[in-house]
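>>> generate a structure from the sequence data that follows.
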Amino acid sequence: MQKPKKKKINKLTPSMLYTAIIQYLLVFQGDFFDKFRNCPYCKSSNCKKHNIEEDKLFCKVIINGQFKDITVAVQIFYCSDCHKTYLAKSPFYDGPLYCQPIVDLCLYLSAKNPYHRVEKILLELGIQVDRDTVKNYALRFEGKIKKCAGMKLFGEVGGINLLKVMFDVENVKELKKKFPHKKFDGVADETYPAIKGARKKFKEINKERKLRGEEPFKWPKGFTLAVGYLALLKLYVSLVLNEVAFCKIFSQILLAPLMGVDFCTHDGHGAYNIMDEVMEHIRCLFHRCKNLTKKDKVLKQMKKNKEPPDKIKGYLSKKYRALEKEELEKIKDKFPKYFDKEGNFIGALTSNAIEGGNWRIKHELRTPYSNCDSITARTILICLMDSIFTFRKGVPTESFGHKYTKFSFRKIMMC
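Numbering: from 1, shown residues only. This next block holds a predicted model:
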């Protein structure tokens, strides 16, 4: 087993950042945890003391460029029914080496940072956890999520029901019963983050195809990432992530937790045709306008005449506003509660609720991944963190998710 390399806290790091954390963790040195709990495997209470695990590693801290192990003692119990041993009630999850606070911190930081970056942040806090360990904790969390909220496809997990993770409900219809005074407008969309190394290979292949006179590929090889979202509540409800092209089967999985929304906005992908039978839907106004402009003769003539960009932009803006007005007239009678006192539509007419010009998820991923499990683990954490927030757009703002969810890392990791 390879030992971790020596680390030193940067001299520019304020001491108040790591001193208090190290002092807090040192308090646990030598503690003994012996409180009884039922067997985690069979839930039996027919258990007895077995032995004591001494010098169990609580965490590693960095003091003066040296690693210091903080260790505790934990009582081990033996179950007379299933004949398995387990730890007493203590700040440890079953499996991970380090204590619960360290594991939770790794998961929290992984929602905003790649695994190698989390290692660097922890170093500045005076805590030693290597990149691979951070990744393993995220993968373990993903496994637990799939166990308790995975949506099956041919016996395998094909998607994640984030509503079940945060609110312990199967779909929006059940969530409505808990919060009947809220508005539930859904958005569904998909994107394709590139696989690590695919962009470079994509450029090389297209150069070769160009030399041979062949049509170049449009996009590099990537993952299929699709999410369901509640726009007004700013809440992710479902996630599908794999290496297979988006199709009707994955659309069914993605839309299952959205069942019960007042309407769902999508980009017009053929896979969403099943919506005609299961829910009201709106075609993304931006995508509609984009498709219409491809056949716009006036726009083609303007480009041919090399009209100024501002003039073309003004023309497109005028076309968009006209299409928006037409769309609002159609839906005004269908969804009157989504119009405020001034007559403005407050629901989602486009998929920008997810995209925002560029996907927030893709931005938070920050780096490409080669392994589907690695990117899935981080994407789950990103979706949860983006749904459960207390600060947004430069001001303190408590989200619906933060106010009402009972989600915690401990709840998932202990299931």
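>>> hey, let's count contacts and neighbours off CA atoms from now on
Will do.
>>> ok, then the element right after the worst-scoring helix or strand of the chain on mean pLDDT?
Scoring the helices and strands of the chain by mean pLDDT, DSSP states H and E places helix 352-355 at the bottom, with a mean of 74. The first helix or strand that comes after helix 352-355 along the chain, using DSSP states H and E, is helix 360-365.
>>> in the helix or strand that that following helix is followed by, what's buried?
As assigned by DSSP H and E, the chain's next helix or strand after helix 360-365 is helix 372-387. Across helix 372-387, burial judged by 16 or more other C-alpha atoms under 10 Å covers 373-387.
>>> with stretch 334-347 instead?
Buried, per 16+ other C-alpha under 10 Å, within stretch 334-347: Tyr338, Phe345, Gly347.
>>> how near is the first one to Phe184?
Here Tyr338 is placed at a distance of 10 Å from Phe184 (C-alpha to C-alpha, to the nearest Å).
>>> list residues touching both of these two?
Counting by C-alpha atoms under 8 Å, 6 or more residues apart in numbering, no residue touches both Tyr338 and Phe184.
>>> so for the longest strand seen in the chain, mean pLDDT?
If you go by DSSP state E, the chain has its longest strand at strand 47-63. The pLDDT scores in strand 47-63 average 94.
>>> coming back round to it: tell me the one among the buried residues of helix 372-387 nearest to Glu204.
Ile375 (24.8 Å; C-alpha to C-alpha).
>>> what pairs with the residue lying closest to that closest one once chain neighbours are set aside across the strands?
Setting aside the residues directly before and after it, Ile375 is nearest to Tyr369 in space (C-alpha to C-alpha, 6 or more residues apart in numbering), at 6.1 Å. Applying DSSP bridges to Tyr369 gives these bridge partners: Ile195.
>>> tell me if I'm right that Tyr369 and Arg378 touch.
No - counting by C-alpha atoms under 8 Å, Tyr369 stays clear of Arg378, with 10.3 Å between them.
>>> now do the shared contacts for the two.
By C-alpha under 8 Å, 6+ apart, no residue touches both Tyr369 and Arg378.
>>> surely Leu258 is in contact with Val172?
Yes - the pair Leu258 / Val172 is scored as a contact, 5.5 Å apart, by C-alpha under 8 Å.
>>> of those two, who's got more company?
Higher neighbour count among Leu258 and Val172: Leu258, with 29 against 22, using other C-alpha atoms under 10 Å.
>>> for stretch 116-131, what is the distance to the chain centroid?
21 Å (C-alpha atoms, centre = their mean, to the nearest Å).
>>> my error: substitute stretch 111-120 in the last question.
For stretch 111-120, the distance to the chain centre is 15 Å (C-alpha atoms, centre = their mean).
>>> averaged pLDDT, that stretch. What do you get?
Across stretch 111-120, the per-residue pLDDT values average to 95.
>>> show residues contacting it.
Contact with stretch 111-120 is made by 106, 109-110, 128-132, 134-135, 364-367, 378-379, 381-382, 385, as judged by C-alpha under 8 Å, 6+ apart.
>>> give the ChimeraX command for selecting the buried subset of those residues.
Those of the contacts of stretch 111-120 that count as buried under 16+ other C-alpha under 10 Å are selected in ChimeraX with:
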select :106,109,110,128,129,130,131,134,135,364,365,378,379,381,382,385
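>>> quick check, Ser44 in a helix?
No - per DSSP: H, G, I helix; E, B strand; the rest coil, Ser44 lies outside any helix segment and is coil.
>>> how about the strands in this structure?
32-33, 47-63, 66-79, 85-87, 150-153, 156-161, 185-191, 224-230, 235-242, 263-266, 281-283, 391-392, 395-396.
>>> mind listing the helices for the stretch 1-150 of the chain?
Per DSSP state H, counting those that start in this stretch, the stretch 1-150 of the chain carries helices over the ranges 15-26, 100-110, 115-124, 131-149.
>>> out of these, nearest to Asn51?
Using C-alpha to C-alpha, the nearest of those to Asn51 is helix 100-110, at 22.0 Å.
>>> for the closest one, buried residues please.
So for helix 100-110, counting by 16+ other C-alpha under 10 Å, buried means Gln100, Pro101, Ile102, Val103, Asp104, Cys106, Leu107, Tyr108, Leu109, Ser110.
>>> which residues does the second one contact?
Going back to what we said before, that points to Pro101. Pro91.
>>> circling back to that earlier point, which strands or helices does the longest strand of the chain pack on?
With contacts taken as 3 or more C-alpha pairs under 8 Å, 6 or more residues apart in numbering; DSSP states H and E, strand 47-63 sits against strand 66-79.
>>> who touches the strand it packs on?
6-8, 25-26, 28-35, 39, 44-62, 84-88, 90, 128.
>>> could you do stretch 80-88 as well?
Contacts for stretch 80-88 (C-alpha under 8 Å, 6+ apart): 33-37, 39-42, 44, 46-48, 50, 74-79.
>>> straight-line length of it, end to end?
15 Å.
>>> mean confidence for that stretch?
Mean predicted confidence for stretch 80-88 is 92.
>>> chain center to that stretch: distance?
For stretch 80-88 - counting by C-alpha atoms, centre = their mean - the centre lies 35 Å from the chain centre.
>>> can you pull the buried residues of it?
Thr85, Tyr86, Leu87, Ala88.
>>> now the residues you listed in CSV, with distance to Phe409?
Below are these laid out as CSV (distance: C-alpha to C-alpha, whole Å):
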residue, distance to Phe409
Thr85, 24
Tyr86, 21
Leu87, 19
Ala88, 20
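>>> ok so, going back, possible to save the strands of the chain as TSV with distance to Thr293?
Formatted as TSV, the strands of the chain follow (distance: least, C-alpha to C-alpha, whole Å):
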stretch	distance to Thr293
strand 32-33	68
strand 47-63	59
strand 66-79	62
strand 85-87	65
strand 150-153	38
strand 156-161	35
strand 185-191	21
strand 224-230	26
strand 235-242	31
strand 263-266	19
strand 281-283	16
strand 391-392	34
strand 395-396	38
